[in-house]
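Peer 1: build me a model from this:
(2 chains)
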Amino acid sequence: MHEMSLAEGIVRLIEESARKEGFSSVKLVALEIGRLSSVEPEALAFCFDAATRGSIAEGARLAIEDVPGRGVCGQCGADAEIEAIYDPCPKCGAYGLRITGGTEMRVKELEVD
Amino acid sequence: MCTTCGCGHGETKIEGEALHDHEHGHEHIHADGTTHAHDHDHAPDHGHGHGHDHSHDHHHGHTYAWVPAHSHAHGTSTSRMVQIEQDILSKNDAYARENRAFLAGRRVFALNLVSSPGSGKTTLLCKTIETLKGKRTVAVIEGDQQTSNDAERIRATGAPAIQINTGKGCHLDAHMVGHAIRQLDLAERSLLMIENVGNLVCPAAFDLGEAHKVAILSVTEGEDKPIKYPDMFRAASLMLLNKIDLLPYLSFDVGKAIDYARRVNPNIEVIRISATSGEGMADWLAWLERGAGS
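Peer 2: Below is the predicted model:
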């Protein structure tokens, strides 16, 4: 359940921003989570509720933007969408694509008061 | 969660002592936007030099803060968007960079050993330490949820070891390791082996400041583990195929295991090894020497 640590990391980023920006409540937390990252969005949403309890982000809505996985094939050069990091190239079948997208785990923006 | 540094876990202990025995100042942000700061002085200064913040909801605060925003006479919402654009793991990664710099200052070659529970990590470590005796100093950080059994096994070889107990935590993070490397008296040009919590999932995401992650897969496990737990094998530079002496009694397909690992990570190096028979130990030691340099 490293999603709990990640949820706690999100709360820390929010609190850091609250000090800088001077807001006192958070309505919405927008995240970008890649499909190839080591995060299960549902587990993260569950932990987010627990981790924000008692913080200024308590009760905030969580919006998770799903980023598709992408990889470039070292054999044929195809730039393709993939579902898993070990997927073969959909064009030529070679393994070991260089991952170019979908590993994101970012806090994008907040809607605050 | 840890409300002081935030990075660790409430139950994290290093050598039985709670993690947060250090000096820090922090600030409370109340839900009405007011803040107050105060300092705490505790025993050892761990030298991270970080200021930590956390917030407390004092129960009355949350609803109180909402009322004015929604009761403005002109009816306009006071809400606004704040751009963050930061990696969720940015704090951990900052601690990892500090650890890396600290280790580089002493020319310590640090490895983060990751595997399932029972892959034979500790036995392999003990054997490695014994073989390197007189040639290269090895220090060990042991990560387990509970008990100091592994650190005691390492100390029995004569090597310095520190046990981190993560409590309910499923992985080591760079903050815990930052404390541990400052407690260990690391010799110049030594090896540091960080034995992570036995878990093929969570430790993959956490950089500890190591030079490499080394994944240990024993042949008593399934050969498809690299594709079942791809994040870990993708993060590792080296896979040690351990307990290779047991192959005659198993149906483990070595070729398949290596093929799966390379599907996930084309650059992963593989060493077949057995702490019991000694097979592959020379390759492993040569790999260590290449990394540690002269």
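Peer 1: so who does residue B:284 touch?
Peer 2: Each residue near residue B:284 by CB atoms under 8 Å, 6 or more residues apart in numbering or on different chains is listed here: B:128, B:240, B:271, B:273. Placement of C-beta: from N, CA and C, glycine included.
Peer 1: quick one: which of those residues has the most company?
Peer 2: When neighbours are counted by other CB atoms under 10 Å in any protein chain shown, residue B:240 leads the contacts of residue B:284 with 28 neighbours.
Peer 1: secondary structure element for that one, which one?
Peer 2: Here residue B:240 is covered by strand B:238-242, with elements defined by DSSP states H and E.
Peer 1: wait, does that strand contact chain A?
Peer 2: No: contact of strand B:238-242 with chain A (CB under 8 Å from any CB of the partner chain) is absent, the minimum separation being 14.2 Å.
Peer 1: now what about that strand, what contacts it?
Peer 2: When contacts are defined by CB under 8 Å, 6+ apart, strand B:238-242 is touched by residues B:119-120, B:124, B:212, B:214-219, B:226, B:233, B:254, B:257-258, B:261, B:268-275, B:280, B:284, B:287.
Peer 1: in strands, which of those appear?
Peer 2: Applying DSSP state E to those, the entries found in strands are B:212, B:214-218, B:269-272.
Peer 1: which of the residues you listed sit farthest apart?
Peer 2: The most widely separated members of the ones in strands among the contacts of strand B:238-242, counting by CB to CB, are B:212 and B:218 (19.2 Å).
Peer 1: show me which of these two is the more surrounded one.
Peer 2: Shown here are residue B:212 and residue B:218; by other CB under 10 Å, residue B:218 has more neighbours (23 against 17).
Peer 1: which residue ranges of chain A form helices?
Peer 2: In chain A, the helices defined using DSSP state H lie at A:2-21, A:41-52.
Peer 1: out of those, which one sits most buried?
Peer 2: The highest average neighbour count among the helices of chain A, using mean count of other CB atoms under 10 Å in any protein chain shown, belongs to helix A:2-21 at a mean of 21.
Peer 1: gap between it and the chain center?
Peer 2: Mean C-alpha position of helix A:2-21 versus that of the full chain (CA atoms, centre = their mean, to the nearest Å) differs by 13 Å.
Peer 1: got it, and stretch B:219-229?
Peer 2: 22 Å.
Peer 1: ok, now stretch A:95-106?
Peer 2: Distance, centroid of stretch A:95-106 to centroid of chain: 13 Å (CA atoms, centre = their mean).
Peer 1: now it: average pLDDT?
Peer 2: The average pLDDT within stretch A:95-106 is 93.
Peer 1: what's the neighbour count on the closest residue to residue B:148 other than its chain neighbours?
Peer 2: For residue B:148, the nearest residue in space outside its immediate sequence neighbours is residue B:163; the separation is 4.1 Å by CB to CB, 6 or more residues apart in numbering or on different chains. In terms of burial, residue B:163 registers 24 neighbours under the definition other CB under 10 Å.
Peer 1: could you verify that residue B:163 is part of a strand?
Peer 2: Yes: for residue B:163, which was evaluated using DSSP: H, G, I helix; E, B strand; the rest coil, the result is membership in a strand.
Peer 1: ok, now how distant is it from chain A?
Peer 2: Separation of residue B:163 from chain A (CB to the nearest CB, to the nearest Å) stands at 20 Å.
Peer 1: give me the residue at the spatial middle of the chain.
Peer 2: Since you didn't name a chain, this refers to chain A. A centroid search over chain A (CA atoms, centre = their mean) returns residue A:33, at 2.2 Å, as the residue closest to the centre.
Peer 1: wait, chain B
Peer 2: When chain B is reduced to its mean C-alpha position, the nearest residue by CA atoms, centre = their mean turns out to be residue B:172, at 3.4 Å.
Peer 1: and that residue, what's its pLDDT?
Peer 2: Per-residue confidence at residue B:172 stands at 94 (pLDDT).
Peer 1: which one is it nearest to, not counting chain neighbours?
Peer 2: Sequence neighbours aside, residue B:143 is the residue nearest to residue B:172 in space, at 4.4 Å (criterion: CB to CB, 6+ apart).
Peer 1: go ahead and confirm that neighbour touches residue B:194.
Peer 2: Yes: under the contact definition of CB atoms under 8 Å, residue B:143 touches residue B:194, with a separation of 7.1 Å.
Peer 1: more neighbours: which of those two?
Peer 2: Taking neighbours as other CB under 10 Å, residue B:143 and residue B:194 compare with residue B:143 leading, 30 against 27.
Peer 1: pretty sure the more buried one is in a strand, no?
Peer 2: Yes: read with three-state DSSP, residue B:143 is one of the residues of a strand.
Peer 1: any idea which element the residue nearest to residue B:162 when sequence neighbours are not counted lies in?
Peer 2: By the measure of CB to CB, 6+ apart, the closest residue to residue B:162 outside its immediate chain neighbours is residue B:180, 4.8 Å from it. Using DSSP H and E, residue B:180 maps to helix B:174-183.
Peer 1: what bits of the chain have low per-residue confidence?
Peer 2: All of this refers to chain A. Along chain A, the parts satisfying pLDDT under 70 run over A:1.
Peer 1: oops, wrong one, chain B.
Peer 2: Counting by pLDDT under 70, chain B has low-confidence residues at B:1-10, B:20-77, B:294.
Peer 1: ok, longest helix in it?
Peer 2: In chain B, with assignment by DSSP H, the single longest helix is helix B:90-105.
Peer 1: buried ones in it?
Peer 2: B:90-92, B:95-96, B:98-100, B:102-103 (16 or more other CB atoms under 10 Å in any protein chain shown).
Peer 1: ok, these vs chain A, which is closest?
Peer 2: Nearest to chain A among those is residue B:91, at 6.0 Å by CB to the nearest CB.
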